[in-house]
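**Student:** Predicted model follows, preceded by the sequence.
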Amino acid sequence: MKKSVRVCFLSILLAMVMVFSFSCASIEANAYTSKYMSKTAKKNINKYVKSMKIVAQKNKSGKNKTYKIKKIKTKYVVLLFGRTGCSLTMNTLKTAEKLRKKGKSIKVVFLDVDRYDSGLYYLRKKYPKVITSLNYPYNNRHMWTLLRYAGYYRRNVTLPATFVLNKKHKIKYWSYSQDTYGLKAALK
């Protein structure tokens with residue numbers, strides 16, 4: 001009797017591992033490019049992105065500046081939703097900035113999703129070319145709206161949530177969690 005219980009338990013455990021592995025692989029495969037999105041989803045997400053306004057942190061004059069995404073004139077815009085205390089977010093930011101320094105036409109917009117973040121000050125010092133925003137309820141709303149339009153319907157997300165826009169400000173790539181290889185491929 002004990003042996004049959006062990007065999008049954010191991011069978012259930014193996015089945016759970018196989019299901020979990022399959023579901024993670026399919027989610028990740030669909031999360032990397034906009035080509036898997038429906039035409040309606042692409043239309044909605046691109047319309048939303050063009051209407052987005054980002055309130056950036058105080059500049060040298062001491063005033064906040066509002067950016068409209070559609071006014072940023074680079075080949076790519078990287079919208080990076082995350083936290084300064086998150087190593088995955090910082091690695092993704094570092095990768096995007098390395099590519100920009102190598103001559104890629106990229107503008108990185110870091111949208112902090114925390115209410116308060118003392119690390120944002122140091123991030124602006126380290127990466128002065130990055131647009132940084134700590135605009136609590138709005139950055140969260142932007143992130144969740146973009147994720148929903150992209151087809152992500154879970155209740156939580158592993159940060160960072162990354163969206164790459166092309167020069168026409170249309171979604172080229174999106175992901176959640178750290179995906180520096182996908183980011184590099186999207187920014188070719």
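**Tutor:** Arrived safely, thanks for sending.
**Student:** what's the nearest residue to residue 104 if we skip its chain neighbours?
**Tutor:** Leaving out its chain neighbours, the residue that sits closest to residue 104 by CB to CB, 6 or more residues apart in numbering is residue 187, at 5.9 Å. All C-beta spots, glycine's among them, are computed from the backbone N, C-alpha and C.
**Student:** And the residue nearest to residue 140 when sequence neighbours are not counted, its phi and psi?
**Tutor:** Nearest residue to residue 140 in three dimensions, chain neighbours excluded: residue 113, at 5.3 Å (CB to CB, 6+ apart). Main-chain torsions, residue 113, degrees, to the nearest 10: phi -100, psi 10.
**Student:** With the one 4 residues further on instead?
**Tutor:** Backbone dihedrals for residue 117, given as degrees, to the nearest 10, come out at phi -150, psi 100.
**Student:** Touching, it and residue 134? I think so.
**Tutor:** Yes - contact status for residue 117 versus residue 134: in contact at 5.7 Å, counting by CB atoms under 8 Å.
**Student:** before we move on, the earlier item: so the residue nearest to residue 104 sits right up against residue 103, yeah?
**Tutor:** No - taking contacts as CB under 8 Å, residue 187 lies outside contact range of residue 103: 11.4 Å.
**Student:** Of those two, which one has the most company?
**Tutor:** Using other CB atoms under 10 Å as the criterion, residue 187 and residue 103 rank with residue 187 on top: 20 against 7.
**Student:** returning to that earlier point: neighbour count winner among residue 117 and residue 134?
**Tutor:** It is residue 134, of residue 117 and residue 134, that has more neighbours when counted by other CB under 10 Å, with 21 against 18.
**Student:** Grab the nearest non-local neighbour of that one.
**Tutor:** residue 112 (4.5 Å).
**Student:** Could you give the bridge partners of the one you found?
**Tutor:** Residue 112 has these beta-bridge partners by DSSP bridges: residue 82, residue 134.
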